[in-house]
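In: kindly return the folded structure for what I paste below:
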Amino acid sequence: MRVATFNILHGRIPGGEVHVNLLRESIHALDPDVLALQEVDFEQPRSGHTDMTAAAAEAMGAVAHRFVAAIAGTPGATWMAATGDEQPGTAGYGLALLSRYPVSSWQVVRLPRIPLPFPMYLPGPRRVQVVHEEPRAAVIARIRTPLGDMTVANTHLSFVPGWNRAQLRRLIRDLAGFAGPRLLLGDLNDPRVVPRRSRWRSLATAMSFPAAEPDRQLDYVLTDDPALRGVSAEAPLMPISDHRPVAVEIRRG
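Out: Residues are numbered from 1 along each chain as shown. Have a look, this model is predicted:
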């Protein structure tokens with residue numbers, strides 16, 4: 001079973017333009033059986049009001065998929081934290097989980113968020129700026145895979161050091177209430193975020209950021225099942241995004 005996680009940067013290429021066709025080509029080339037996407041647009045003007053989850057599902061031949069908005073509205077303009085109660089067709093930005101195998105159930109977890117703007121040093125502009133942290137969420141599916149039924153979660157954690165680890169601990173506690181075996185995929189935004197004092201471990205080691213010359217791993221495939229192992233992990237360069245996807249073949253035993 002081939003599993004992948006990819007922060008797609010809403011289909012944007014390094015020059016700054018969004019190319020939905022390149023998104024489709026990238027997903028087709030990645031060829032995953034189960035795919036976790038982060039920074040996904042839905043009905044956003046910058047991406048031509050495209051349903052990017054549906055575009056990715058078509059490209060990989062997914063039989064089940066789910067988009068979960070973390071933000072309702074337009075990033076960089078007017079937005080609010082998504083609740084799941086938005087009207088159909090409301091523009092959103094968030095996560096998607098896609099599968100070539102049947103899904104028997106879906107769940108959404110809203111992660112704790114820093115509620116107020118706060119000052120933070122940003123290495124890109126090299127200055128302290130007031131940051132309004134985005135809401136974070138996870139989408140969870142029970143998938144009927146060739147390796148048996150699995151609980152698979154996709155998330156995109158905060159970029160704030162320490163806070164992303166608190167969110168991960170919270171999510172792992174929540175996932176303990178779901179039937180195993182369990183996989184956690186996503187952009188964890190910290191190369192040291194894999195928990196040391198839990199049963200969760202990485203199934204794929206591959207540098208994924210920044211895309212052109214990656215020197216750290218932000219994108220993970222984790223499990224708490226000792227019987228699962230990962231082979232042939234890779235992080236291929238794609239024409240979109242500032243991340244590389246991380247893909248791995250998962251086997252049992």
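In: now residue 138. Nearest residue, chain neighbours left out?
Out: Distances taken as Cβ to Cβ, 6 or more residues apart in numbering place residue 155 nearest to residue 138, at 4.0 Å, with adjacent residues excluded. All C-beta spots, glycine's among them, are computed from the backbone N, C-alpha and C.
In: one more: residue 218?
Out: residue 209 (4.7 Å).
In: go on, residue 79?
Out: Closest to residue 79 by Cβ to Cβ, 6+ apart is residue 73, at 3.2 Å.
In: give me the phi and psi for the one you found.
Out: Dihedral pair for residue 73: phi 120, psi -160, per degrees, to the nearest 10.
In: ok, the residue lying farthest from the centre of the chain to residue 18 distance?
Out: In terms of distance from the mean C-alpha position of the chain, residue 127 ranks first, at 27.8 Å (Cα atoms, centre = their mean). To residue 18, residue 127 is 28 Å away according to Cβ to Cβ, to the nearest Å.
In: please apply the same query to residue 233.
Out: Separation of residue 233 from residue 18 (Cβ to Cβ): 28 Å.
In: comparing those two, which residue is more hemmed in?
Out: residue 18 (20 against 15; other Cβ atoms under 10 Å).
In: give me the low-pLDDT residue ranges for the chain?
Out: 116-118, 120-124, 131, 195-198 (pLDDT under 70).
In: where is the longest helix in it?
Out: Taking DSSP state H as the criterion, the chain has its longest helix at helix 163-175.
In: would you mind pulling up the elements that that one packs against?
Out: strand 137-145, strand 148-156, strand 182-187 (3 or more Cβ pairs under 8 Å, 6 or more residues apart in numbering; DSSP states H and E).
In: with only the CA atoms kept, save the second one in PDB.
Out: Okay, so that is strand 148-156. What follows is strand 148-156, C-alpha atoms only, in PDB (Å, rounded to 0.1, in the frame of the first residue of the first chain):
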ATOM      1  CA  GLY A 148      -6.800  -4.600   6.900                       C
ATOM      2  CA  ASP A 149      -9.000  -1.800   8.300                       C
ATOM      3  CA  MET A 150      -6.900   1.200   9.400                       C
ATOM      4  CA  THR A 151      -7.500   4.600  11.000                       C
ATOM      5  CA  VAL A 152      -5.800   7.200   9.000                       C
ATOM      6  CA  ALA A 153      -5.500  10.900  10.000                       C
ATOM      7  CA  ASN A 154      -4.200  13.900   8.200                       C
ATOM      8  CA  THR A 155      -3.200  17.200   9.900                       C
ATOM      9  CA  HIS A 156      -1.200  20.400   9.400                       C
END
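In: quick one: distance of that strand to the chain centre.
Out: Relative to its chain's centre, strand 148-156 lies at 11 Å (Cα atoms, centre = their mean, to the nearest Å).
In: what's the local residue count around residue 114?
Out: Neighbour number of residue 114 under other Cβ under 10 Å is 15.
In: quick one: it and residue 158 touch, right?
Out: Yes: using Cβ atoms under 8 Å, residue 114 is in contact with residue 158, at 7.5 Å.
In: so who does residue 188 touch?
Out: For residue 188, the contact set (Cβ atoms under 8 Å, 6 or more residues apart in numbering) comprises 155, 157, 164, 168, 194, 218-220.
In: for residue 226, state which of those is nearest.
Out: Closest to residue 226 out of the contacts of residue 188 is residue 194 (15.5 Å), distances taken as Cβ to Cβ.
In: I appreciate the help and will end here.
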